[in-house]
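J.: Predicted model and sequence below, questions to follow.
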Amino acid sequence: MPKEIAMPSRTKEILDEHGFSFKKSLGQNFLIDINILNKIVDAAVLDDEDGVIEIGPGIGGLTEQFAKKAKKVEAFEIDGRLIPVLEQTLSPYSNITIRHQDVLKADVEDAVNKLREDVHHITVAGNLPYYVTTPIIMKLLEKRLPFNQMIFMMQKEVADRIAAAPDSKDYGSLSIAAQYYAYPEKMMIVPKTVFVPKPNVDSAVLRLKLREAPPVQVKDETYFFQVVKASFAQRRKTIWNNLQHNLLGKENRDLLADALKRADIDPQRRGESMSMEEFATISNELLSNQPE
């Protein structure tokens with residue numbers, strides 16, 4: 001029986017055989033710890049009628065473990081140099097499809113809908129490079145695609161921000177945006193020593209279970225997120241200053257003052273102290289008082 005892809009000796013053999021060199025611009029760090037890969041797969045709670053969409057399979061270490069549990073695996077890989085590598089390493093598995101595409105530009109909705117025809121539930125997973133973690137997660141959440149959960153490995157600091165609660169240093173607009181669509185849960189910390197090449201920081205595995213409905217009711221989602229983003233534009237500034245300078249302008253001081261009063265929000269509070277419910281109330285009050 002061939003050695004598993006993510007075993008350190010097997011990974012080295014594959015990289016040497018193909019003369020593969022890592023591209024720093026793509027944030028490539030391959031995991032070489034089978035136990036951690038198995039924990040990621042276990043966290044997905046898959047059965048043989050489920051499907052997986054993987055982002056950034058690399059040389060196939062995690063892909064292989066998913067293929068053992070799921071009915072079908074579809075993997076998006078941006079680096080064309082890895083396509084022949086994956087075709088070789090994953091050749092023993094007939095339930096894997098490799099797509100040479102940038103997931104940020106690909107028609108993920110089409111992939112999800114086609115996969116749903118053959119499986120019961122879909123998990124989206126992967127080891128995400130730092131520079132595209134937030135864009136990928138938000139693209140998938142905002143499209144409200146019919147999958148059940150996402151399980152991603154990412155830099156620990158990003159996982160901390162996504163899962164953060166109010167009144168913490170990590171809490172911000174990303175926390176609210178992600179938690180509007182999903183329930184985040186940090187599953188484990190992954191030390192930098194189990195990657196090749198070794199990154200500069202530790203990683204974390206984050207599971208995001210999709211909500212059936214948002215936890216707050218807002219009149220306009222786009223405007224709600226504009227209010228949230230503006231409120232964190234300068235963390236040291238108050239909600240009054242941030243909303244006035246970054247969203248409404250000084251000419252709407254009275255509108256802002258009235259909305260905050262009706263929302264029962266102290267203008268001197270900072271965004272990091274406010275709950276999602278309070279941001280929803282402010283955005284709704286601002287909208288209800290806008291001039292026709």
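T.: Yep, that arrived.

J.: Give the full set of residues in contact with the residue lying closest to residue 171 once chain neighbours are set aside.
T.: Distances taken as Cβ to Cβ, 6 or more residues apart in numbering place residue 164 nearest to residue 171, at 4.1 Å, with adjacent residues excluded. For every residue, glycine as well, the C-beta is placed using N, CA and C. Applying Cβ atoms under 8 Å, 6 or more residues apart in numbering to residue 164 gives the contacts 170-172, 175.

J.: mind listing the helices for the stretch 101-250 of the chain?
T.: Using DSSP state H, counting those that start in this stretch, the helices of the stretch 101-250 of the chain run over 108-116, 133-142, 156-163, 173-181, 221-231, 239-243.

J.: now for those, which one comes closest to residue 63?
T.: helix 108-116 (14.7 Å; Cβ to Cβ).

J.: on contacts alone, who are the packing partners of the helix or strand containing residue 262?
T.: Assigned by DSSP states H and E, residue 262 belongs to helix 253-263. Counting contacts by 3 or more Cβ pairs under 8 Å, 6 or more residues apart in numbering; DSSP states H and E, helix 253-263 is packed against helix 239-243, helix 276-288.

J.: closest one to residue 43 among these?
T.: Closest among the helices and strands packed on helix 253-263, using Cβ to Cβ: helix 276-288, at 25.1 Å.

J.: Serialize the helices of the stretch 101-250 of the chain to TSV and add fields for distance to residue 6.
T.: Converted to TSV, the helices of the stretch 101-250 of the chain look like this (distance: least, Cβ to Cβ, whole Å):
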stretch	distance to residue 6
helix 108-116	24
helix 133-142	21
helix 156-163	20
helix 173-181	28
helix 221-231	38
helix 239-243	45
